[in-house]
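K.L.:
Curious how this folds, go ahead:
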Amino acid sequence: MAPSKSVGVLVGLLLLGLAVSAHDAAAGPPDYQDKVGVARWLAHQAVEGVLATTSTAFPGYAFGNTQSFADGTIKNSTGHLFFYVSNLDASIQDILVDPRCTFTLSEVETNFCKQNHYDAEDPRCARLTFVGTYRNVTSAEEPHAQAALFDRHPEMKSWNSQGSFHDFHFTTLEIEHIWLVDMFGGAADVDVKQYYARNNVTAL
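P.N.:
Below you'll find the predicted structure:
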């Protein structure tokens with residue numbers, strides 16, 4: 001191979017490697033020291049979590065239940081957590097009595113923890129818990145909730161067509177506290193105002 005061709009091939013491989021590295025970096029979470037960034041990133045990457053309520057069926061016990069959600073459309077992260085639920089759901093039965101609850105997400109749902117062989121309990125595999133009050137969306141919020149949820153969960157579009165008996169409706173969580181573990185050294189209390197203010201969230 002001629003020297004000029006060899007140099008061209010090497011440069012091409014180098015550029016390809018840099019492009020792949022840049023893509024991988026963009027696809028992964030922010031640096032663990034950027035707690036606000038990690039919280040917003042995970043809230044946008046995840047599509048389901050565990051909603052914990054005070055049980056009405058089992059008085060005195062916490063009740064955890066998987067719940068689908070979206071914080072915005074694929075290309076538009078808002079940080080606001082939107083849900084599409086029926087009052088027949090056990091968790092919503094609890095919410096109707098006491099709307100205080102927590103909603104927990106795990107980074108194990110993403111490729112990051114799998115690629116690094118991190119267990120869900122490994123502090124480097126982020127755990128994010130939102131503490132707040134659950135409520136129905138306002139009329140102004142409803143279009144945003146619908147756009148976000150139907151974009152991230154297309155099958156939801158047909159849920160109410162199964163009959164008004166199910167009465168699916170849009171809800172959200174008024175976030176009061178944010179608890180995050182994404183590295184050794186203990187949990188962080190993420191500032192809610194800073195969380196909402198962050199606008200450079202990595203797109204999917």
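
K.L.:
from the middle of its chain, how far away would the one helix or strand Leu51 maps to be?
P.N.:
Taking DSSP states H and E as the criterion, Leu51 maps to strand 48-54. With Cα atoms, centre = their mean, to the nearest Å as the basis, strand 48-54 stands 13 Å off its chain's centre.

K.L.:
Given the helix or strand just after it, what are its sheet partners and their directions?
P.N.:
Downstream of strand 48-54, the next assigned helix or strand under DSSP H and E is strand 62-68. Here strand 62-68 is paired, per DSSP bridges, with strand 48-54 (antiparallel).

K.L.:
and Cys125, that one's in a helix?
P.N.:
No - counting by DSSP: H, G, I helix; E, B strand; the rest coil, Cys125 falls outside a helix, being coil.

K.L.:
Could you measure from it over to Val38?
P.N.:
11 Å (Cβ to Cβ, to the nearest Å). Heads up, the C-betas are built off the backbone N, CA and C, glycines and all.

K.L.:
going on from the lowest-mean-pLDDT helix or strand in the chain, what's the next piece of helix or strand?
P.N.:
Least confident helix or strand of the chain, by mean pLDDT, DSSP states H and E, is helix 3-27 with a mean of 42. Beyond helix 3-27 in the direction of the C-terminus, DSSP H and E gives the next helix or strand as helix 35-45.

K.L.:
contacts for that next one?
P.N.:
Residues outside helix 35-45 that contact it (Cβ atoms under 8 Å, 6 or more residues apart in numbering) are 29-32, 71-72, 77, 79, 81, 105, 107, 109-110, 126, 128, 178, 180, 182, 188, 190-191, 194-195, 198, 201-202, 204.

K.L.:
domain parsing for the chain?
P.N.:
Domain ranges of the chain: 1-30, 32-197, per automatic domain parsing.

K.L.:
roughly how far apart are the residue nearest the centre of the chain and Phe168?
P.N.:
Nearest to the geometric centre of the chain sits Ala43, at 2.7 Å (Cα atoms, centre = their mean). As for Ala43, its distance to Phe168 is 22 Å (criterion: Cβ to Cβ).

K.L.:
what's the answer for Ala120, then?
P.N.:
Ala120 is 30 Å from Phe168, where distance means Cβ to Cβ.
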